[in-house]
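Trainee: test case, fold it:
(4 chains)
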Protein chains: 2
Amino acid sequence: MLSKKTKYGIKAIVYLAKQEDRTPVQIATISKEEEISLKFLESILLTLRKNGLLGSKKGKGGGYYLLKEPEDINMANVMRVLEGPIAMVPCVSLNFYERCDDCPDESTCAVHSLMEQVRDNTLEIFKNTTLADLANQ
Amino acid sequence: MLSKKTKYGIKAIVYLAKQEDRTPVQIATISKEEEISLKFLESILLTLRKNGLLGSKKGKGGGYYLLKEPEDINMANVMRVLEGPIAMVPCVSLNFYERCDDCPDESTCAVHSLMEQVRDNTLEIFKNTTLADLANQ
DNA sequence: ACTAACCCTATCTATTTACTAGGATAATAT
DNA sequence: ATATTATCCTAGTAAATAGATAGGGTTAGT
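Mentor: Purely as a prediction, here's the structure:
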């Protein structure tokens, strides 16, 4: 299940992608427009910035803005920053790999092979979807 | 992220699918072979049975067994029983649909359309994978 | 200086997850 | 009948995670 953090994060970054120029948008504005708790959104935007997806400006006229053009940001990136691993089990994760304690052999594990397929397909979708795609709807 | 319940449940049902005949296998046997806590496994097998995937027999010589042939049980079914919705958000779930409080219009929601694609692809994989596929590895 | 806006850490509460306890029930063997 | 074997079933509990919230700190404009 997708966390609210991820859901709100996507909505927020897509909101920024919809802006015509890259002038900063205030947290309060996004909070109102997308009906997201201001404080929660604040922490979400902070992690998006710390992970290189957003830029920010302080003081009057400040806010958040995209660092790249919407068509240059794919959802695999966004998902990894917000939700963490795309795979459903750590043992098939490309970026967050962890071994299973209980699994004697990954190559013969039924769960492993099935979840590998799911990961490949999901990743393909996320990689091929950019913020521009989502903003134009 | 896949819950342990689901992971263990898949391992257990695949273990049963690997049996040559459909004579009951005891919980304790599966627990040992697959390194799953006995009591936890007990509750998992119970839900699999209550949802029509397994049969059981009490008393000596009792245990759990598949009700259908492995090639007639697809993973979409298994996943829904163990993990619940296959979709990452309730608003794109086919079997567990729920509206989002905050979303004014599903048809223009970026999260919605993206997660719909993911659901379709994941579902396709689960539907097309049977226990027989997983048992033969 | 004042004010607007983000920065950052810590804390809190509710829910979910992962498991455990312990007896009830049913089938089989003797 | 009775003892044994094994599932049935409800309830409880500890740890982790999710979903916020609080409250001051810092920086950039005017």
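Trainee: and stretch A:124-135, how far from the chain's centre?
Mentor: Chain-centre distance of stretch A:124-135: 11 Å, with CA atoms, centre = their mean, to the nearest Å.
Trainee: and the contacts of that stretch?
Mentor: Contact with stretch A:124-135 is made by A:10, A:13-14, A:17-18, A:66, A:69-76, A:78-79, A:86, B:110, B:113-114, B:117-118, B:121, as judged by CB atoms under 8 Å, 6 or more residues apart in numbering or on different chains. Yep, even glycine has a C-beta here, placed from its N, CA and C like the rest.
Trainee: need the contact list for residue A:114.
Mentor: Counting by CB under 8 Å, 6+ apart, residue A:114 makes contact with B:10, B:75, B:125, B:129, B:134.
Trainee: quick check, it in a helix?
Mentor: Yes - if the criterion is DSSP: H, G, I helix; E, B strand; the rest coil, then residue A:114 is within a helix.
Trainee: how does chain A divide up, domain by domain?
Mentor: A:4-66, A:70-135 (automatic domain parsing).
Trainee: out of these, which gets nearest to DNA strand C?
Mentor: domain A:4-66 (3.5 Å; CB to the nearest atom of the strand).
Trainee: show the average pLDDT along the closest one.
Mentor: Mean per-residue pLDDT for domain A:4-66: 97.
Trainee: how far off centre is that domain?
Mentor: That offset, for domain A:4-66, works out to 13 Å (CA atoms, centre = their mean).
Trainee: what residues does chain A put near DNA strand C?
Mentor: With CB under 7 Å from any atom of the strand as the criterion, chain A meets DNA strand C at residues A:24-28, A:39, A:42-43, A:45-46, A:49-50, A:56-64.
Trainee: so which of those belong to helices?
Mentor: A:27, A:28, A:39, A:42, A:43, A:45, A:46, A:49, A:50 (DSSP state H).
Trainee: show me which of these are buried.
Mentor: With burial judged by 16 or more other CB atoms under 10 Å in any protein chain shown, the buried subset of those is A:27, A:45.
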